[in-house]
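Chemist: turn this into a structure:
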Amino acid sequence: MLEPDTEQRDRRSLAETLRQLRDAAGLSGERLAVRTAMSQSKISRIESGRIVPTVADTERIMRALDVPRETREELLSLARAANIEYTSLRSSARVGIWRRQAEIKSLVDSSSVVRQFLPAAPSGLLQTREYARAALTPGVEGRPARDIERAVRARLERQGALHDESRRFRFLLTVQAVRTKRAEPDVMVDQLHHMIEVANLRNVELAVLPDDALVRASPLNVFVVYDDRLVTAELFSGSVALRDHRDVTYHLNLFAHFREHALFGAEARQLLLSIAEEYRGA
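Modeler: As a prediction, this is how the structure comes out:
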């Protein structure tokens, strides 16, 4: 796993090497922009390290500069590493978990289609206030403390995006994610009914992967795909952002694979309702 210092070093090295290669080729930033069909300002931001070039951007620049094969392979490896970003839970707690919620909101706000694979619990976009409070309260020794109420408010503010019909949301949950008891029975009942309400929104698809479905892949971790440009994957210790188009494509294929075996519409709502009834009788 990449640590923040390593990430920054990879990004600086990539930016500096691309600038040095352009200088060695005797090209101005303007000429390179023409050759790569990028804007001159984008070339400048890449070389200054203000933005991280995608792997595809790096390939276009290297082709334009006629970079030798050995150097090309080395730079592509560097570009792939630079396009992986790890954020630890500890660092998020230091600056405020609510800030992490704001970052996620900005990702959603800049996306047309958001796909969430949820094998452990409903996401923040699907949570009631009480369920969110329970989910955000540290329950394991060593988990960083956080400003719970501020984080809950920030999480609920994100849900306004669900009512923007210019965006589409696809939630794919395992039955364990909706059945696992994360709060008191009355909170669980409200949470399940809330998800049924969200599932009725026109721009929302909510599917549930039943426990008797035969799937060939393991639902290892939470991941979210923003359009076709970015994947975020949740770990116990933090989160990873992946921008390499191959990683994005793989997760889109993985989402499609699980989706093939899921329940939708009335069947999914009926399953949620039956689990709510189990908790009501608890």
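Chemist: contacts, neighbours, all on C-alpha from now
Modeler: Will do.
Chemist: ramachandran coordinates for Phe223?
Modeler: Here is the backbone geometry of Phe223 (degrees, to the nearest 10): phi -150, psi 150.
Chemist: correct me, but it touches Leu230?
Modeler: No: using CA atoms under 8 Å, Phe223 is not in contact with Leu230; the gap is 10.4 Å.
Chemist: state the distance from Tyr86 to Leu242.
Modeler: Per CA to CA, to the nearest Å, Tyr86 is found 9 Å from Leu242.
Chemist: Glu205 now?
Modeler: Per CA to CA, Glu205 is found 24 Å from Leu242.
Chemist: which one of those two is surrounded by more residues?
Modeler: Leu242 (22 against 17; other CA atoms under 10 Å).
Chemist: tell me the contacts of the more buried one?
Modeler: Asn83, Ile84, Glu85, Leu230, Val231, Thr232, Val248 (CA atoms under 8 Å, 6 or more residues apart in numbering).
Chemist: please apply the same query to Asp109.
Modeler: Counting by CA under 8 Å, 6+ apart, Asp109 has contacts Ala161.
Chemist: surely Phe169 is in a helix?
Modeler: No: per DSSP: H, G, I helix; E, B strand; the rest coil, Phe169 lies outside any helix segment and is strand.
Chemist: quick one: it and Val204 touch, right?
Modeler: Yes: with contact defined as CA under 8 Å, Phe169 counts as touching Val204 (4.8 Å).
Chemist: and these two? which has more neighbours close in?
Modeler: In this view Phe169 and Val204 are compared by other CA under 10 Å, and Phe169 has more residues nearby, 24 against 18.
Chemist: tell me the pLDDT of that one.
Modeler: Phe169 carries a pLDDT value of 98.
Chemist: domain-wise, how is this protein divided?
Modeler: Structurally, the chain divides into domains by automatic domain parsing as follows: 4-82, 104-280.
Chemist: mean pLDDT lowest where, among those domains?
Modeler: Among the domains of the chain, domain 4-82 carries the lowest mean pLDDT (a mean of 88).
Chemist: check the offset of that domain from the chain's centre.
Modeler: Computed by CA atoms, centre = their mean, to the nearest Å, the chain-centroid distance of domain 4-82 equals 25 Å.
Chemist: again with stretch 76-83
Modeler: Stretch 76-83 sits 19 Å away from the centroid of its parent chain (CA atoms, centre = their mean).
Chemist: with just CA atoms, put that stretch into PDB.
Modeler: Extracted as PDB, the C-alpha positions of stretch 76-83 are listed here (Å, rounded to 0.1, in the frame of the first residue of the first chain):
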ATOM      1  CA  LEU A  76       4.100   4.200 -17.300                       C
ATOM      2  CA  SER A  77       4.800   2.300 -14.100                       C
ATOM      3  CA  LEU A  78       5.300   5.700 -12.400                       C
ATOM      4  CA  ALA A  79       2.100   7.000 -13.900                       C
ATOM      5  CA  ARG A  80       0.100   4.000 -12.600                       C
ATOM      6  CA  ALA A  81       1.600   4.500  -9.100                       C
ATOM      7  CA  ALA A  82       0.900   8.200  -9.200                       C
ATOM      8  CA  ASN A  83      -2.800   7.500 -10.100                       C
END
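Chemist: how about it: buried residues?
Modeler: Across stretch 76-83, burial judged by 16 or more other CA atoms under 10 Å covers Leu76, Leu78, Ala79, Arg80, Ala81, Ala82, Asn83.
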